[in-house]
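Asker: Return atomic coordinates for the entry below.
(2 chains)
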2 protein chains.
Amino acid sequence: MITPFSDRLADAVRAKTSSLVVGLDPVLERLPTELVESARSQYDDPRDQAAAAMIQFSRAVIDQVADKACAVKPQIAYFEQWGPPGLVAYEQSVIMARDAGLLVIADVKRGDIGSTSAAYVRAHLDPPLPDVRADAVTVNPYLGSDCLAPYLEAVDALGSGLFVLVRTSNPSAGELQDQPSGEVTVHERVADLVAGWGAERVGQCGYSSVGAVVGATAPEQLAALRKRMPSTWFLLPGVGAQGATAADVACAFDDEGLGAVVNSSRGILYAYGDPGQEDWRQAIGDAATTLRDQLRDAALGASAE
Amino acid sequence: MITPFSDRLADAVRAKTSSLVVGLDPVLERLPTELVESARSQYDDPRDQAAAAMIQFSRAVIDQVADKACAVKPQIAYFEQWGPPGLVAYEQSVIMARDAGLLVIADVKRGDIGSTSAAYVRAHLDPPLPDVRADAVTVNPYLGSDCLAPYLEAVDALGSGLFVLVRTSNPSAGELQDQPSGEVTVHERVADLVAGWGAERVGQCGYSSVGAVVGATAPEQLAALRKRMPSTWFLLPGVGAQGATAADVACAFDDEGLGAVVNSSRGILYAYGDPGQEDWRQAIGDAATTLRDQLRDAALGASAE
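Answerer: Next up is the predicted model:
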């Protein structure tokens, strides 16, 4: 019997008393100098150098946050830009995170016609090398249900999770997503689709394995979507570098502190500021601890209200 | 002076009297038996085997269609599912297509927040290895303008092209895209955004480098969008395996046969049917010739009306 993603996520949040997801967005120019120099001394090809530095950085981040976060969210774009060596670094990051007991949410935001979606499912949720399997992926809804169908099969057959983009965290998110669409907005229409896909996939924790990405940068939409989708796991980006705070996401949690996980990428990864800083590992760990605690307080505060 | 993508595409269509784009969607189970067996005899790892077979298949397809198509459109999902070796095969396919004088439209359908979009631009339009640069990419519009901004910079600085998903070819495309959004539909709203992004980027050919993906499977929407976006290059998927015909896309062309290019993937790649077929190369070439001619007739027929 496969435990559905929804329940594995709830178990992780409970076990670590943490709803923190740490985004892995390795930007070469911001990585610790010592890692970059070491990689340069070992490889000639710039792509191999970047990949080696990213692997060492992922290793250190995972080591620092393994007991403070419920999951990591590698953003594949930062790996993909370095071609095949970058994808090796991506796969190594997934393997290391799984080995450290972290769930892996692959932030790939793929969305395509059905036959192509099936290939993306094989790429990320059901790969030929099982070690590089992600626990969940982010998905773009613009193509509608038949784009989602292969992903939903993975939810049912493999216990995978999805986070469908509903209302994103970027400044121009509303340009299309907040447009009126009949009686509702475009993002509310997507929310209803997501809730529908999730309705038959609710785990024992009370939430479904078909989650939603909802930006923490839009607190009004977040509160409204929480009411609209009461059984949907939310993945909330936008805290930290994008400007939202733990207080902005308090309304997303239930009394038990479940129902939402909160991503921070740059605010934790680059907490050390200067790449030459010697105690960069400690700075990453401290930033993760701080945000974990802030989220814990926000969740408890919300349930105490 | 960099020639913008819009004009390079027009030049290619004129030079080859062809608006055919051949999609590269390599599905291992359907590849010619001789290529798969040869790859298996050379490599132990299933991912390396798949990559080797895909490279040989791309080589043969490109060889067959180089003088019959204006561009190829590798669908990265089919490569991505084989991990880093698959991405090597993807890059080799891009290099071979460029060497054969074909434009490369990378069908990646990425869409993310601005900082992540910049990483995707580096991955596909401005990579550390210039040889693997695509001429254009497909982009998902759900996140709005700031997702597009890094791509538009590549259009201006590098002469890159974009094809933004407007109305896709899959059966459930209308679920979100055809919803009313105020006075128009969601896809018409996206169309207006795309036309806006393209307005200052119209080449000498009369079309902009910010194109639109419009499914050939929805002829009514296609005709309406042609009027709505008179200066936008259309990339039309859906002819062949998805059911649309050359006649369905006639309205997309102008008097000169410009304004649209038409993708076919499975209908050409797997024209040989049985993977054991010995003259599979010829079947691919013949299918490309047939569709090129049908499209030529459709374009001329439309202008004669």
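
Asker: so how far is B:Leu143 from whatever residue of the stretch 1-150 of chain A ends up closest to chain B?
Answerer: Closest contact between the stretch 1-150 of chain A and chain B, by C-beta to the nearest C-beta, is at A:Gly144 (3.4 Å). C-beta: built from backbone N, CA, C; applies to glycine. Look at A:Gly144 and B:Leu143: by C-beta to C-beta, to the nearest Å, they are 17 Å apart.

Asker: which of the two has more neighbours?
Answerer: B:Leu143 (28 against 22; other C-beta atoms under 10 Å in any protein chain shown).

Asker: Torsion angles phi and psi at the more buried one?
Answerer: phi -90, psi 0 (degrees, to the nearest 10).

Asker: hey, where'd the strands end up in the stretch 101-250 of chain A?
Answerer: Applying DSSP state E, counting those that start in this stretch to the stretch 101-250 of chain A gives strands spanning A:103-110, A:136-139, A:161-167, A:180-181, A:184-185, A:208-214, A:232-236.

Asker: elements contacting the longest helix along chain A?
Answerer: Criterion DSSP state H: the longest helix present in chain A is helix A:280-304. When contacts are defined as 3 or more C-beta pairs under 8 Å, 6 or more residues apart in numbering or on different chains; DSSP states H and E, helix A:280-304 sits against strand A:20-24, helix A:46-65, strand A:260-264, helix A:266-269.

Asker: and of these, who's closest to A:Leu31?
Answerer: helix A:46-65 (5.2 Å; C-beta to C-beta).

Asker: is it true that A:Ala134 touches A:Arg110?
Answerer: No: with contacts counted by C-beta atoms under 8 Å, A:Ala134 stays clear of A:Arg110, the gap being 11.6 Å.

Asker: so what sits against both of these two?
Answerer: A:His124 (C-beta atoms under 8 Å, 6 or more residues apart in numbering or on different chains).

Asker: In the longest helix of chain A, which residues are buried?
Answerer: Within helix A:280-304, the residues that qualify as buried are A:280, A:283-292, A:294-296, A:298-299, A:302, counting by 16 or more other C-beta atoms under 10 Å in any protein chain shown.

Asker: residues near the closest residue to A:Pro171 other than its chain neighbours, how many?
Answerer: Among residues not flanking A:Pro171 along the chain, B:Asp146 sits closest, at 5.4 Å (C-beta to C-beta, 6 or more residues apart in numbering or on different chains). Around B:Asp146 there are 18 other residues, counting by other C-beta under 10 Å.

Asker: Surely B:Asp146 touches A:Asn170?
Answerer: Yes: with contact defined as C-beta under 8 Å, B:Asp146 reaches A:Asn170; the gap is 5.3 Å.

Asker: and for those two, which residues touch both?
Answerer: With C-beta under 8 Å, 6+ apart as the test, B:Asp146 and A:Asn170 both reach B:Ile113, B:Gly114.

Asker: burial measure for the closest residue to A:Gly211 other than its chain neighbours, as a count.
Answerer: Closest residue in space to A:Gly211, ignoring its immediate chain neighbours: A:Trp233 at 3.7 Å, by C-beta to C-beta, 6+ apart. A:Trp233 has 29 neighbouring residues, counting by other C-beta under 10 Å.
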